[in-house]
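[1] Below is the structure, and that's it, no one-letter string:
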């Protein structure tokens with residue numbers, strides 16, 4: 001007979017064996033969970049009734065979870081924007097603005113990476129687009145190859161931290177916190193990360209100015225202004241559709257993802273399609289209707305006839321432009337390819353969630369949560385020892401596991417312990433927000449680890465073969481170090497996360513009393529009236 005206390009470590013060991021063999025993670029989780037579930041029933045640790053929680057949670061908490069619908073929407077939006085040319089316009093405009101400065105192309109890549117991260121939330125699209133545009137220019141003006149590859153990969157991976165990151169959406173779901181609070185908590189670290197990257201670039205221009213030379217500007221005056229506006233305005237509109245609607249409370253993350261997807265389709269029509277006169281009229285009507293909707297919403301209200309007519313005109317314009325995208329053969333093929341990529345990623349996430357459910361329920365049935373809590377709370381160093389140990393664990397797991405797998409396997413086990421340990425430091429409301437953003441900053445590095453980082457693979461696939469793979473790996477090392485510095489800042493300075501969060505009200509709901517007036521006495525009631533109604 002296997003003792004109960006042996007079951008949790010045996011389950012972990014079995015999962016590690018499956019992963020070393022190379023079996024898919026989703027099916028490894030389900031197989032290990034069901035196998036040890038059978039053993040546990042045979043040993044009498046729980047009955048078959050306990051396993052009924054697996055289908056109940058799958059159909060009741062996972063497939064019915066509206067928040068997870070944000071994953072396909074954001075993925076589809078990123079896949080469309082990857083080919084629509086937004087990154088090209090932004091990089092060219094920023095290159096014109098910052099090019100004459102030493103390290104100007106580096107600053108441009110960092111800023112564009114941050115802005116694209118606030119739109120797409122996907123690493124592959126950013127790294128590939130920025131590398132294909134900026135790398136030839138950097139090579140032409142003799143930028144240091146290791147710096148160039150490092151800044152391109154690092155600026156692409158920051159999208160994992162900048163809202164509306166998919167990592168933040170998944171972590172909010174797994175930690176049981178609102179996506180809006182997770183986004184607010186991530187703004188501080190994301191802005192600090194950009195500042196650290198920019199300071200590092202500035203430092204290199206001081207000690208090695210020949211490695212980051214200035215680039216001459218080819219546009220001035222009105223043409224430069226038009227170029228910058230063409231690159232900035234579409235990005236600002238998409239950022240409002242995705243982030244502005246969430247922050248203003250106008251849309252949920254799922255609805256904001258749908259808005260962003262429609263905006264990406266319309267942007268691809270405007271940029272890549274030869275518009276007919278009817279298309280131009282539809283676009284103009286849409287712009288005018290948008291302005292009227294904003295005006296009427298602040299003046300006469302949204303339930304009035306003028307607002308409804310304006311909104312109907314806007315809706316008709318959007319429908320026409322989306323239909324125009326479907327009719328255009330190149331855009332049609334792009335949208336179909338994007339939908340297929342979205343379907344693959346969404347299916348992968350769904351299977352991982354189902355497998356993780358099988359594993360986590362059985363793990364809880366054999367007191368695995370208590371085993372994890374005991375192991376983490378007994379670490380030396382208290383809160384800081386716990387945070388350092390957890391971040392080291394996630395850092396090394398990220399060598400082998402995708403962030404989806406870490407979020408669905410590891411985070412649910414750590415969340416109850418984190419809530420208990422971190423509450424005395426930042427309060428119960430902010431504890432898991434701080435913990436989630438911290439893990440998100442850490443999981444940035446999973447795309448930069450030599451030799452397993454996916455950002456480095458994406459970079460290798462599009463840059464010239466004359467650049468050595470060793471230069472890509474060595475170029476990534478200092479940027480991984482900068483990301484780890486950011487992890488340390490978030491650990492030891494929780495104010496970087498909690499600064500933008502709503503301050504706790506400090507009221508214990510258990511002490512709230514609602515005073516209710518006693519009912520009137522019968523003598524005080526007026527006499528009943530039996531007369532005819534008036």
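    Received it, and whenever you're ready, just let me know what you need. Just so we're clear, the structure is a prediction, and the values are computed from it rather than from any experiment. Residues are numbered from 1 along each chain as shown.
[2] Look up how far residue 49 lies from residue 57.
    Computed as CB to CB, to the nearest Å, the residue 57 to residue 49 distance reads 14 Å. Quick note: C-beta positions are derived from backbone N, CA and C, even for glycine.
[3] out of these two, which sits in the more crowded spot?
    Regarding residue 57 and residue 49, a neighbour count based on other CB atoms under 10 Å identifies residue 57 as having more, with 17 against 7.
[4] Do I have it right that residue 192 meets residue 497?
    No - contact criterion CB atoms under 8 Å: residue 192 and residue 497 do not qualify, at 10.3 Å.
[5] For residue 65, grab phi and psi.
    Main-chain torsions, residue 65, degrees, to the nearest 10: phi -90, psi 110.
[6] Ignore what I typed, I meant residue 44.
    When read as degrees, to the nearest 10, the backbone of residue 44 gives phi 90, psi 20.
[7] Measure how far whichever strand or helix holds residue 9 is from the centre of its chain, please.
    Residue 9 belongs to helix 7-21 when assigned by DSSP states H and E. Computed by CA atoms, centre = their mean, to the nearest Å, the chain-centroid distance of helix 7-21 equals 29 Å.
[8] still on that earlier bit, compare residue 192 and residue 497 (neighbour count), which wins?
    Each of residue 192 and residue 497 has its neighbours counted (other CB under 10 Å); residue 497 has more, 25 against 18.
[9] Look at the more buried one and tell me its secondary structure.
    When classified by DSSP: H, G, I helix; E, B strand; the rest coil, residue 497 comes out as helix.
[10] same deal with residue 142?
    Secondary structure, three-state DSSP: residue 142 is coil.
[11] ok, now how distant is it from residue 150?
    Residue 142 is 16 Å from residue 150, by CB to CB.
[12] quick one: which of those two has more around it?
    A count of neighbours by other CB under 10 Å puts residue 150 above the other of residue 142 and residue 150, at 28 against 11.
[13] Quick one: residues contacting that one.
    The contact partners of residue 150, by CB atoms under 8 Å, 6 or more residues apart in numbering, come to 475, 476, 477, 478, 479.
[14] Out of these, grab the one that's most surrounded.
    In terms of neighbours by other CB under 10 Å, those top out with residue 476 at 27 neighbours.
[15] Distance from the chain centre to the host helix or strand of it, please.
    Element membership for residue 476, per DSSP H and E: helix 469-492. Mean-position distance between helix 469-492 and its chain equals 20 Å (CA atoms, centre = their mean).
[16] what mean pLDDT does that helix have?
    Averaged over helix 469-492, pLDDT sits at 89.
[17] Give the other helices and strands that it contacts.
    helix 145-157, helix 179-207, helix 382-397, helix 428-443, helix 454-462, helix 495-498 (3 or more CB pairs under 8 Å, 6 or more residues apart in numbering; DSSP states H and E).
[18] Just tell me which of these ends up closest to residue 1.
    Closest approach to residue 1 among the helices and strands packed on helix 469-492 (CB to CB): helix 382-397, 31.0 Å.
[19] Can you give me the buried ones in that closest one?
    Neighbour-count burial for helix 382-397 flags 386, 387, 388, 390, 391, 394, 395, 397 (criterion: 16 or more other CB atoms under 10 Å).
[20] I'd like to know which elements it is packed against.
    helix 368-377, helix 411-426, helix 428-443, helix 469-492.
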